[in-house]
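> Following is a predicted model, sequence given first.
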Amino acid sequence: MFAIIGVVIVFGAVIAGFLMEHGHLAVLIQPAEVVTIGGAALGTLLIANPLHVIKAMIAGVLGVLGSSKFGKDRYLSTLKMMYEFFNKIRKEGLIAAEMDVEKPTESEIFKKYPEFLADHHVQHFLCDTMRMAITGGIEPFDMDQMMELDMEVHHHEAVAPIAALSTVADALPGLGIVAAVLGVVITMGALEGPPKEIGEKVAAALVGTFLGILMCYGVVGPLASSMTKGAEDHNSYLHVLRVILLAFLKGSAPILAIEMGRRAIPAHIRPTFDEMEKNCKGLPPAPATH
């Protein structure tokens, strides 16, 4: 949502400033320049990246336009899910959790948390780790190494579409200059025409440079930065899961493992201990004080 508001502000401020100087908006409408810059940018994207990276980039941009999936509510939901899951294991043993991790979509616990089932990487991260724990004979240190390796691979995959979008952003000013040079070439061929026609062609050429720079620094570059923050949010979420799983596999009680995970949540969205305890144990909210 904030990304959409930001884009509106960028274009609104630029257009407002142009109109304050008595500019004519019709001059900025240059379809040929848009085709030149946009088409060339798309071509560079296709040249530099495989299809799966382009798909991930599009998904990342669409994700930026919405709100973050990893807010306080998501963390509270995860803490509660893990608390229920660990209590089941503590009461019934690790073998009792085998069906939960083998078929998470049919698990009575996981079915209550659709956001967990919808995030396939998080689902596999948790279930694959618990499969190895159920198999037995694996030290917590080795489990931690496996989780760290999984996070590194996922982070590498998350960075690839961001790099692709950043490359496009870096190319846009240059492509704007290309469009401007083409406009100058056309202008040179019309030097014998009336001054008004020559002026229109020069204006069209300069619009190419304007669009390239504006799209680079006002839209595409900031979108790439926002995607970076989204990837960091996802990595932080996996880190919290890793802390919780490792604490429990080392023998900590469910509530202690959950508390250790809570401490790993980024400070600006970290729930308090009281919020976590009431959420996990289903306690009624404290009465309001006057």
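On my side now, so go ahead.

> Going by C-alpha atoms from here, please, whenever you check contacts or count neighbours.
Noted.

> How about the secondary structure of the most far-flung residue of the chain relative to its centre?
In terms of distance from the mean C-alpha position of the chain, Glu192 ranks first, at 53.1 Å (Cα atoms, centre = their mean). Under the three-state scheme (DSSP: H, G, I helix; E, B strand; the rest coil), Glu192 adopts coil.

> Repeat that for Val202.
Taking three-state DSSP as the rule, one finds Val202 in the helix state.

> Was I right to think it contacts Thr187?
Yes - under the contact definition of Cα atoms under 8 Å, Val202 touches Thr187, with a separation of 6.5 Å.

> And those two? Which one has more around it.
Set Val202 next to Thr187 and count neighbours by other Cα atoms under 10 Å: Thr187 wins out with 21 against 18.

> hang on, Leu241 packs against Gly261?
Yes - with the criterion set as Cα under 8 Å, Leu241 and Gly261 qualify as a contacting pair; they are 6.9 Å apart.

> more neighbours, these two?
The neighbour comparison of Leu241 against Gly261 (other Cα under 10 Å) goes to Leu241, with 26 against 23.

> Distance-wise, check that one relative to Phe11.
Using Cα to Cα, to the nearest Å, one obtains 40 Å as the distance from Leu241 to Phe11.

> Phe110 now?
Using Cα to Cα, one gets 44 Å for the distance from Phe110 to Phe11.

> Pull the number of nearby residues for His52.
Residues contacting His52 under the criterion other Cα under 10 Å number 11.

> dump the residue contacts of it.
Not one residue lies near His52 by Cα atoms under 8 Å, 6 or more residues apart in numbering.

> Just the buried positions in stretch 231-247, please.
By neighbour count with 16 or more other Cα atoms under 10 Å, stretch 231-247 contains the buried residues 231, 233-247.

> who does the host helix or strand of Leu76 touch, helix- and strand-wise?
Secondary-structure assignment from DSSP states H and E places Leu76 in helix 72-92. On a contact count with 3 or more Cα pairs under 8 Å, 6 or more residues apart in numbering; DSSP states H and E, helix 72-92 meets helix 254-264, helix 273-281.

> Quickly, which of those helices bottoms out on average pLDDT?
In terms of mean pLDDT, the lowest-scoring of these is helix 273-281 (a mean of 87).

> I'd like to know which elements the lengthiest helix in the chain is packed against.
For the chain, the helix that runs over the most residues, judged by DSSP state H, is helix 140-188. When contacts are defined as 3+ Cα pairs under 8 Å, 6+ apart, helix 140-188 packs onto helix 31-48, helix 51-65, helix 120-135, helix 195-215, helix 221-249.

> and of these, who's closest to His156?
Distances from His156 to each of the helices and strands packed on helix 140-188 were compared using Cα to Cα; the minimum, 9.9 Å, belongs to helix 221-249.

> Remind me what the closest one packs against, helices and strands.
Contact here means 3+ Cα pairs under 8 Å, 6+ apart; on that basis helix 221-249 packs against helix 51-65, helix 120-135, helix 140-188, helix 254-264.

> picking up where we left off before, with distance to Asp150 and mean pLDDT as new columns, can the helices and strands packed on helix 140-188 be given to me in JSON lines?
Output for these, formatted as JSON lines (distance: least, Cα to Cα, whole Å; pLDDT from 0 to 100):
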{"stretch": "helix 31-48", "distance to Asp150": "26", "mean pLDDT": "92"}
{"stretch": "helix 51-65", "distance to Asp150": "18", "mean pLDDT": "90"}
{"stretch": "helix 120-135", "distance to Asp150": "8", "mean pLDDT": "91"}
{"stretch": "helix 195-215", "distance to Asp150": "35", "mean pLDDT": "86"}
{"stretch": "helix 221-249", "distance to Asp150": "10", "mean pLDDT": "93"}
